[in-house]
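[1] How does the following fold in three dimensions:
(chains A and B)
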Amino acid sequence: MRLQNTLTGSVEDLVPVTPGRIGLYVCGVTPYDAAHVGHAMSLMVYDVLVRYLRWRGLQVTFVSNYTDVDDKLIDRAAQQGRDPLELANANIEQWEREQQALGLILPDVRPRVTREIDNIIGMIEEIVANGLAYVTPAGDVYYRVRSKADYGKLSHRNIDDLRTGTRFEPGDAKEFALDFALWKAQKPGEPAWPSPWGLGRPGWHIECSAMARRYLGERFDIHGGGVDLIFPHHENEIAQAEAAQHAPGPTFANIWMHNGMVQRDGEKMSKSLGNVVNVAEALDRWSPDAIRMYVLSSKYRQPNNLTDEAMAAAIAGIERLTAALRPGPGTAPTTIDIAASRARFIEVMEDDLGTPQALATLFDLARAINRGRDAGEEIGAAQATLRELAGVLGLTLVERATDEAAARLDPAPFAKLASRLEVACSGNDVASTIDALVERRIAARTEKYWALADTIRQELDALGVTLEDSAAGTRWSVKR
RNA sequence: GGCGCCGUAGCCAAGUGGCAAGGCAGAGGUCUGCAAAACCUUCACCGCGGGUUCGAUUCCCGCCGGCGCCUCCA
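    Numbers count the residues shown, from 1 in each chain, chains lettered A, B, ... in the order given. As a prediction, this is how the structure comes out:
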């Protein structure tokens, strides 16, 4: 497989450090608030990567952290009069429930800063011992950015090009404005842990370096995250990891993978802009498959503009793929080239996770299946392949449960319709009411009483229920 | 100001130095008692201006427009 490496700027072969195994580290969230669609998209990209690699037979260790001690978290907790760690726990629990609802694979290891303090302190000590960090009288520890000439190699910038004068406030204790905290001395009221430098807590970037090294080793395969993390977060992670390095040679992640941002109305979705869509809201409006279809329909590195139109297209696309899995009675030998679909799917996925093209192969296969069904061919094997490949992308392609969808409709108009047509109504059970109406219509059709049959169809359609007649009977579904 | 990304049909979105995937929407047709679904057909010369080339949407330069990072951020 080839992946674009931010570090080198080129697409490179993924050559496992340990044959047959892949270590993947992805920066997780700072749980000071509910997760939003951007977080979901990010994790979904790596979820697909993991699914694909495992499908190809590699043993993947997927690590993603929670930064559960941080300035923002402390501020937010203070505003709400809560304990910061309790706030973090609550948000993590919610986010993990949402990850499962979204069909995301939970990372194998989900370390938290607050449970890794010793590990982090150990790494800071190594950096200090190597002379690449310094301790201030107040008990802060700073990484000395100027101590390594190649600082900036990931984000491809020079220290001197950064707008340090206008944007950074050089602290009194810092030697240089860009130096960043490895350890922050405790301020009143803040959570703190004992360390060789006194009470305090880890700085923002060190946790990822320490946890990645602990769970994946000093050198591992892939480090992922949003493009907004390239600088300074990932740049600093590299600096720290190399500053604490034991063995000579290349260190830390071989490939740096970065996903684009989800945008809303053409702008980055972020809390400061007030344009976020929370995961909870998204799940309320759209199915996990539709959200995934939307995310995977563009290249992972590109920004993805979340619009109602885009989601409508994603929903329709999912329905198309799902419908292709409906059984066909045919028995004639099929001409569908399953092997070609599979090969094409692998080819595009191997090429830097080409999910848009992978989806195209799924749609092509779906068309072939539908054509085969119409031609009376045996399509079971092709459908199994479609299901399998969709599964590699994390798509479930399950028919929406009609009862569940119906339960979200207002029962009143259905009861009214049933009463008008003198059909027994089951009170608030919309699904049963629809079933009864459909039964009445089937009877009407049998009698060739088309006027009533059409009335029932049209009235239900107006209420958001679509009927489909076929040899197998009448199926109904709730429009989205 | 520095670094980087993007500009492809009504919308979303891939892609390649040699007649531009896929999805949604639209149009016509087949099927259907009528529909729906499905199938068939149809729908772009790739922001603008130069250059390189036998040939550029694809490479180079400039311009215009949009976005991201440089501060917390998936």
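[2] Next, give phi and psi for the residue in the stretch 1-150 of chain A positioned nearest to RNA strand B.
    Nearest residue of the stretch 1-150 of chain A to RNA strand B (Cβ to the nearest atom of the strand) works out as residue A:38 at 2.3 Å. Bear in mind the C-beta positions are built from the backbone N, C-alpha and C, glycine included. Dihedral pair for residue A:38: phi -60, psi -40, per degrees, to the nearest 10.
[3] Give me the spatial nearest neighbour of it, chain neighbours excluded.
    Distances taken as Cβ to Cβ, 6 or more residues apart in numbering place residue A:262 nearest to residue A:38, at 4.2 Å, with adjacent residues excluded.
[4] show me where pLDDT drops low in the stretch 101-250 of chain A?
    Low-confidence segments of the stretch 101-250 of chain A, defined by pLDDT under 70: A:163-172.
[5] hmm, back to that, wait, doesn't the residue of the stretch 1-150 of chain A closest to RNA strand B sit right on residue A:227?
    No: assessed by Cβ atoms under 8 Å, residue A:38 is found out of contact with residue A:227, at 11.3 Å.
[6] the more surrounded of those two?
    When residue A:38 and residue A:227 are compared for neighbours, residue A:38 comes out ahead with 25 against 15, by other Cβ atoms under 10 Å.
[7] could you pull out the helices for the stretch 351-480 of chain A?
    A:355-374, A:380-392, A:402-407, A:411-420, A:430-446, A:450-462 (DSSP state H, counting those that start in this stretch).
[8] before we move on, back to that, need the contact list for the residue of the stretch 1-150 of chain A closest to RNA strand B.
    By Cβ atoms under 8 Å, 6 or more residues apart in numbering, the residues touching residue A:38 are A:226, A:261-262, A:269-270, A:276.
[9] could I get the helices of the stretch 351-480 of chain A as JSON lines with mean pLDDT, distance to RNA strand B and mean neighbour count?
    Shown next, in JSON lines, are the helices of the stretch 351-480 of chain A (pLDDT from 0 to 100; distance: least, Cβ to the nearest atom of the strand, whole Å; neighbours: other Cβ atoms under 10 Å):
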{"stretch": "helix A:355-374", "mean pLDDT": "97", "distance to RNA strand B": "3", "mean neighbour count": "19"}
{"stretch": "helix A:380-392", "mean pLDDT": "98", "distance to RNA strand B": "12", "mean neighbour count": "18"}
{"stretch": "helix A:402-407", "mean pLDDT": "86", "distance to RNA strand B": "14", "mean neighbour count": "16"}
{"stretch": "helix A:411-420", "mean pLDDT": "92", "distance to RNA strand B": "17", "mean neighbour count": "16"}
{"stretch": "helix A:430-446", "mean pLDDT": "94", "distance to RNA strand B": "5", "mean neighbour count": "19"}
{"stretch": "helix A:450-462", "mean pLDDT": "93", "distance to RNA strand B": "3", "mean neighbour count": "15"}
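[10] okay, those helices in a markdown table with distance to residue A:107 next?
    Listed next are these as a markdown table, based on distance: least, Cβ to Cβ, whole Å:
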| stretch | distance to residue A:107 |
| --- | --- |
| helix A:355-374 | 20 |
| helix A:380-392 | 18 |
| helix A:402-407 | 29 |
| helix A:411-420 | 42 |
| helix A:430-446 | 38 |
| helix A:450-462 | 45 |
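[11] Which residues of the stretch 101-250 of chain A lie near RNA strand B?
    A:155-158, A:161-164, A:167-168, A:204, A:225-233 (Cβ under 7 Å from any atom of the strand).
[12] Just the ones of these in strands?
    A:225-226 (DSSP state E).
[13] Which among the residues of the stretch 101-250 of chain A next to RNA strand B count as buried?
    Neighbour counting by 16 or more other Cβ atoms under 10 Å classes A:155, A:162, A:204, A:225-226, A:229-230, A:232-233 among these as buried.
[14] list the contacts for the nearest residue to residue A:430 once chain neighbours are set aside?
    Here the nearest residue to residue A:430 in space, its sequence neighbours aside, is residue A:406; by Cβ to Cβ, 6+ apart that works out to 4.3 Å. Contacts for residue A:406 (Cβ under 8 Å, 6+ apart) come out as A:430-431, A:434, A:465, A:478.
[15] and the buried ones among the residues of the stretch 101-250 of chain A next to RNA strand B as CSV, adding distance to residue A:310?
    Output for those, formatted as CSV (distance: Cβ to Cβ, whole Å):
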residue, distance to residue A:310
A:155, 30
A:162, 35
A:204, 33
A:225, 24
A:226, 19
A:229, 25
A:230, 26
A:232, 32
A:233, 29
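[16] List just the nearest of those to residue A:398.
    residue A:226 (29.9 Å; Cβ to Cβ).
[17] circling back: common neighbours of residue A:38 and residue A:227, please.
    Taking Cβ under 8 Å, 6+ apart as the criterion, residue A:38 and residue A:227 both touch residue A:261.
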